[in-house]
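Undergrad: below: sequence and its predicted model.
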Amino acid sequence: MNTELRGSERIVGIIPARMGSSRFPGKPLAPLLGRPMIEHVLRRAEMCTQLSAVYVATCDEEIKNVVEALGGCVIMTSPTHERASDRVAEAAEQVEADIVVMIQGDEPMITPSMIATSVTPLLEDRSVDCVNLVRRITNRHDYLDPNTIKVVMNLNHDALYFSRAPIPSSAGVAFKQVCVIPFRAEFLREFARLPPTPLEQAESIDMLRILEHGRRVRLVETTEETHAVDTPEDLRLVERLMENK
């Protein structure tokens, strides 16, 4: 693990993972190219030189045992969290960090450079408290798929709204959320104290809590191909996409 810090900021990655996914139970340990999916995410995150440490945050002993057998670090969290960001916020209380990067355990196609890209706005602008990586949607299936979270932004590249519905509804460029989300540590603590909000609950999207409380989420685009795993069908697609990587 690279322990060199970017400037004076200590940046850590936290990967939330749980066995109880309603759409794909046991998803983190599902085999992907002969390895559990969580291993792909962990190994790729560990390759990012901007991160001084990487942890898996989970409430499940099965995940803990697998990750520790791989030599990874685990932080056990409450089983009651409904949002991945709340699990990450609990885990972050146990580590020393200025910036915490939430790296979803169902994003096995992430690359070290994607993580580095996501933290750049925080390193360059002290007014930015939270960043979400996004990618252009290039096919109609993803645009219509409710498992793909769409996002629209303003002229300053701040998020206007996140939705599972196909937005914007008119023809044009559309973006999807990529669940690599850095927070300033103090803002992550503040976020966890905010009460859940109506749109957050209706859409089941963590970032809407921030917007509904009047705060900003800066968006930064990646051009690298990535596809989250929400269903067994996604897993088979990702396996084909990753065969030569």
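TA: Alright, I've got the coordinates.
Undergrad: now the helices: where do they sit in the protein?
TA: 37-46, 61-69, 84-92, 112-124, 140-144, 185-193, 198-203, 207-212, 232-242 (DSSP state H).
Undergrad: of all these, which lies closest to Val151?
TA: Closest of the helices of the chain to Val151 is helix 207-212, at 8.1 Å (criterion: CB to CB). For the C-beta atoms, the positions are set from N, CA and C on the backbone; glycine is no exception.
Undergrad: contact partners of the closest one?
TA: 83, 130, 132, 159-162, 177, 181, 191, 194, 196-200, 216-217 (CB atoms under 8 Å, 6 or more residues apart in numbering).
Undergrad: so for that helix, what gets flagged as buried?
TA: If you call a residue buried by 16 or more other CB atoms under 10 Å, then helix 207-212 has these buried ones: 207-211.
Undergrad: quick one: the one residue sitting closest to the centre of the chain and His157, what's the gap?
TA: Taking CA atoms, centre = their mean as the criterion, Cys179 is the residue nearest the geometric centre of the chain, at 2.8 Å. Cys179 sits 18 Å away from His157, going by CB to CB, to the nearest Å.
Undergrad: out of the helices of the chain, which is closest to Ile103?
TA: Once the helices of the chain are compared by CB to CB, helix 37-46 is nearest, at 5.3 Å.
Undergrad: so what's the residue nearest to the centre of the chain up against?
TA: 84, 102-104, 106-107, 133, 228.
Undergrad: most neighbours among those residues, which one?
TA: Highest neighbour count within the contacts of Cys179, by other CB atoms under 10 Å: Ile103, with 28 neighbours.
Undergrad: my read: it touches Ala17, true?
TA: No. With contact defined as CB atoms under 8 Å, Ile103 does not count as touching Ala17 (10.0 Å).
Undergrad: related to what we said a few turns ago, report pLDDT for the residue nearest to the centre of the chain.
TA: At Cys179 the predicted local distance difference test score is 95.
Undergrad: next one: Ala228
TA: 93.
Undergrad: distance check, it against Val134.
TA: Using CB to CB, Ala228 is found at 12 Å from Val134.
Undergrad: anything in contact with each of the two?
TA: Common contact partners of Ala228 and Val134 (CB under 8 Å, 6+ apart): Val178.
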